[in-house]
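1. what's the 3D shape of this:
(one chain, ligands or ions: 4)
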Amino acid sequence: MAQVYYHNDIKDEVLKNKKIAVVGYGSQGHAHARNLKDSGYDVVVGLRKGKSWDQAVEDGVEVKTVADAVAEADVVMVLLPDEHQPKVYEEQIKPNLKAGAALAFAHGFNVHFNQVVAPDNVDVFLVAPKGPGHLVRRTFEEGAGVPSLFGVEQDVTGSAREVALAYSKGIGSGRAGILETTFQEETETDLFGEQAVLCGGLTSLVKSGFETLTEAGYQPEVAYFECLHELKLIVDLMYEGGLEGMRYSISDTAQWGDFVSGPRVVNEETKARMKEVLNEIQSGKFAKGWILENQANRPEFNAVNARESQHQIEKVGKELRELMPFVKKSQSKEKEVVTHGSR
Ligand SMILES: NC(=O)C1=CN([C@@H]2O[C@H](COP(=O)(O)OP(=O)(O)OC[C@H]3O[C@@H](n4cnc5c(N)ncnc54)[C@H](OP(=O)(O)O)[C@@H]3O)[C@@H](O)[C@H]2O)C=CC1
Ligand SMILES: CC[C@](O)(C(C)=O)C(=O)O
Ligand SMILES: [Mg+2]
Ligand SMILES: [Mg+2]
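-> Numbers count the residues shown, from 1 in each chain. Ligands and ions are numbered 1, 2, ... in the order given. Down below sits the predicted model:
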C-alpha cells in the first residue's frame, strides 16, 4: 500500500515562522486561508478589489493586493481559477516572488501544461485536496478533513517536501490522509476523475435517468427524487462503507438489479470512451481545447451552461429543494451567493 501520512506523522515547525499568501478567495482559497489561520499560521490573502476582497475582510482575514501579498510571502499558494492563473502569474506574482520562496498550486494544470513556468530560484509544490473547497472548510470546522495529494516539482531550498506536508496538515488533510504524487499524476487523474466520473459522468448519468423516466410519462418530481436527490444518500453509504457497505443497506431486489442492469448501462463501450477521454488528457488535447476556449471568451462554455440551466431537472429540483429547508441550508451554491459571490 502507498504511504499515507496522517496528522501526527507530520512535523510542522518548518512552516511555523513563514508568511503564507493565499492568492484567490473562492472555493479553495477561502478554505485554505481560513483553515491555515485557524491552525495558527500567518496568512495574507492576495486579491483584486471586489466581492472576494470584501468577504475576506468580513471573515477577519488580512487582505492585500496580489503583488503586495506575494512580495512579503515565503509560501505563495495560487488559488485563482486555472484559466486566470497564467496572466496573473506573469503580471503580479512572478515579478514579486522572493528568491527561496515556494510557489504552490492546488492543481497541476498550468505547471504540467507549461502555462506557468517558475523561476529557478523558488520551490514549486502542489497540495491538491481531493474534494470541493467548501467541504475542505466545512469538514475542518467539524473536526474532520478532506484527503490531499502533495507533490514537489522543484526543490531549491531542500525543504519543499516538508513544507508541502506541513501545509497539507494545516488545511486539515492530516485527519483524512495525505499521499505523495507528481504534477503529472495529479493533473491527469484529477482531470479524468472530474470529466469521466465525478462531474461529467455523473451529470450525464443523472440526466439520462431523469429523461428516460419523464419521457416514459412518469412525474418529473418522482424522477428527480429517484435519480438526483437519492443519489446523495446512496453515495454517502459508499463513502462510509464502499460498494459493499452501500449494498448492505439496499434491498436484495436492488442489489440484483445493480448486478444485472448496471453493467448494461455503463459497459465496455463506456469504458472505451473513458479511455478516449484519458488519452486526450494525456496527449494535451483537452488542455489545448480549454486554453483556446478561454482565449475566445468561452463561446461554447457559456452556451452549454445556459442550456443546462434550462433543463427540466433544474427547474423541478429548485422547486422541491425550496420545500426541504434542511437541504437548502447545506447547499454550497445558495450559500456561496451570499458568502462567495465571485463564483
Ligand atoms: N473548486 C475546487 O474545489 C477545487 C479547485 N482546485 C484548484 O484550485 C484552484 C482554484 O480553484 P477554485 O477555488 O475553484 O477557484 P475559484 O473560481 O473559486 O476562484 C475565484 C477566486 O479567484 C479570484 N480571482 C479571479 N480572477 C482574479 C484576478 N485576475 N485577480 C485576483 N483574483 C482573482 C476571485 O476574486 P473576485 O471575487 O475578485 O473575482 C475569487 O476570489 C484551481 O487551480 C483549481 O483547479 C483543486 C481542487 C478542488
Ligand atoms: C471534482 C472537481 C474538482 O477536481 C474537485 C472539486 O476536486 C475541481 O476541479 O473542482
Ligand atoms: Mg479534483
Ligand atoms: Mg479538478
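2. for stretch 233-241, which positions count as buried?
-> Residues of stretch 233-241 classed as buried: residue 237 (neighbour count, 16 or more other Cβ atoms under 10 Å). Heads up, the C-betas are built off the backbone N, CA and C, glycines and all.
3. And stretch 212-221, by the same measure?
-> Result for stretch 212-221 [16+ other Cβ under 10 Å]: buried residues 213-214, 220.
4. Over to stretch 71-89?
-> 71, 73-80, 82-83, 85-86, 88-89.
5. Please flag which of those residues sit within helices.
-> Cross-referencing the buried residues of stretch 71-89 against helices under DSSP state H gives 71, 85-86, 88.
6. Closest one to residue 201 out of the buried residues of stretch 71-89, please.
-> Checking the buried residues of stretch 71-89 against residue 201 with Cβ to Cβ, the nearest one is residue 82 at 20.3 Å.
7. residues in contact with that closest one?
-> Counting by Cβ atoms under 8 Å, 6 or more residues apart in numbering, residue 82 touches 107, 109-110.
8. Quick check: the farthest pair among the buried residues of stretch 71-89?
-> Greatest spacing in the buried residues of stretch 71-89, by Cβ to Cβ: 74 and 83 (27.0 Å).
9. got the residues of this structure near ligand 2?
-> 131-132, 190, 194, 198-199 (Cβ under 6 Å from any ligand atom).
10. so of those, which ones are in helices?
-> Among the residues of the chain next to ligand 2, DSSP H puts residue 190 in helices.
11. Mind putting the residues of the chain next to ligand 2 into TSV with pLDDT, distance to residue 141 and neighbour count?
-> Formatted as TSV, the residues of the chain next to ligand 2 follow (pLDDT from 0 to 100; distance: Cβ to Cβ, whole Å; neighbours: other Cβ atoms under 10 Å):
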residue	pLDDT	distance to residue 141	neighbour count
131	98	14	19
132	98	14	15
190	98	24	20
194	98	25	13
198	98	23	15
199	98	25	11
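12. is it possible to export the residues of the chain next to ligand 2 to CSV including distance to ligand 1?
-> What follows is the residues of the chain next to ligand 2, written out as CSV (distance: Cβ to the nearest ligand atom, whole Å):
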residue, distance to ligand 1
131, 7
132, 4
190, 7
194, 9
198, 10
199, 11
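13. Within reach of ligand 4, which of the residues of the chain next to ligand 2 are there?
-> Near ligand 4, judged by Cβ under 5 Å from the ion, the entries from the residues of the chain next to ligand 2 are 190, 194.
14. when you check the residues of the chain next to ligand 2 against the strands, which ones overlap?
-> Applying DSSP state E to those, no entry is found in strands.
15. Which of the residues of the chain next to ligand 2 sits closest to residue 325?
-> Nearest to residue 325, judged by Cβ to Cβ, of those is residue 132 at 21.8 Å.
16. and the residue nearest to that closest one when sequence neighbours are not counted, how many neighbours?
-> Nearest residue to residue 132 in three dimensions, chain neighbours excluded: residue 27, at 6.1 Å (Cβ to Cβ, 6 or more residues apart in numbering). As a burial measure, residue 27 scores 21 neighbours (other Cβ atoms under 10 Å).
17. Residue 135 is in contact with residue 27, correct?
-> No - between residue 27 and residue 135 there is no contact under Cβ atoms under 8 Å: 9.3 Å.
18. what packs against the helix or strand hosting residue 306?
-> If you go by DSSP states H and E, residue 306 is part of helix 299-309. Using 3 or more Cβ pairs under 8 Å, 6 or more residues apart in numbering; DSSP states H and E, the elements in contact with helix 299-309 are helix 285-295.
19. quick one: the helix it packs on to helix 299-309, angle?
-> Orientation check (axes from the mean of the first three to the mean of the last three Cα atoms, to 10 degrees): helix 285-295 against helix 299-309 gives 90 degrees.
20. tell me what helix 285-295 is packed against?
-> helix 268-283, helix 299-309.
21. Kindly present those as CSV, with separate columns for distance to residue 208 and mean pLDDT.
-> Output for these, formatted as CSV (distance: least, Cβ to Cβ, whole Å; pLDDT from 0 to 100):
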stretch, distance to residue 208, mean pLDDT
helix 268-283, 12, 98
helix 299-309, 14, 98
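22. Around ligand 1, which positions in the stretch 101-250 of the chain sit nearby?
-> Applying Cβ under 6 Å from any ligand atom, we find that the stretch 101-250 of the chain lies next to ligand 1 at 106-107, 128-129, 132-133.
23. got the contact list for the spatially closest residue to residue 10 that is not a sequence neighbour?
-> Leaving aside its sequence neighbours, residue 10 sits nearest to residue 169 (Cβ to Cβ, 6+ apart; 4.5 Å). Residue 169 is in contact with 7, 10, 12, 39, 178, counting by Cβ under 8 Å, 6+ apart.
24. and what of residue 209?
-> 223, 226-227.
25. so the residue nearest to residue 10 is in which element?
-> Going by DSSP H and E, residue 169 is part of helix 160-170.
26. can you check residue 55 too?
-> Taking DSSP H and E as the criterion, residue 55 maps to helix 51-58.
27. could you say what helices and strands that helix packs with?
-> Judged by 3+ Cβ pairs under 8 Å, 6+ apart, helix 51-58 is in contact with helix 27-38, strand 42-47, strand 62-65.
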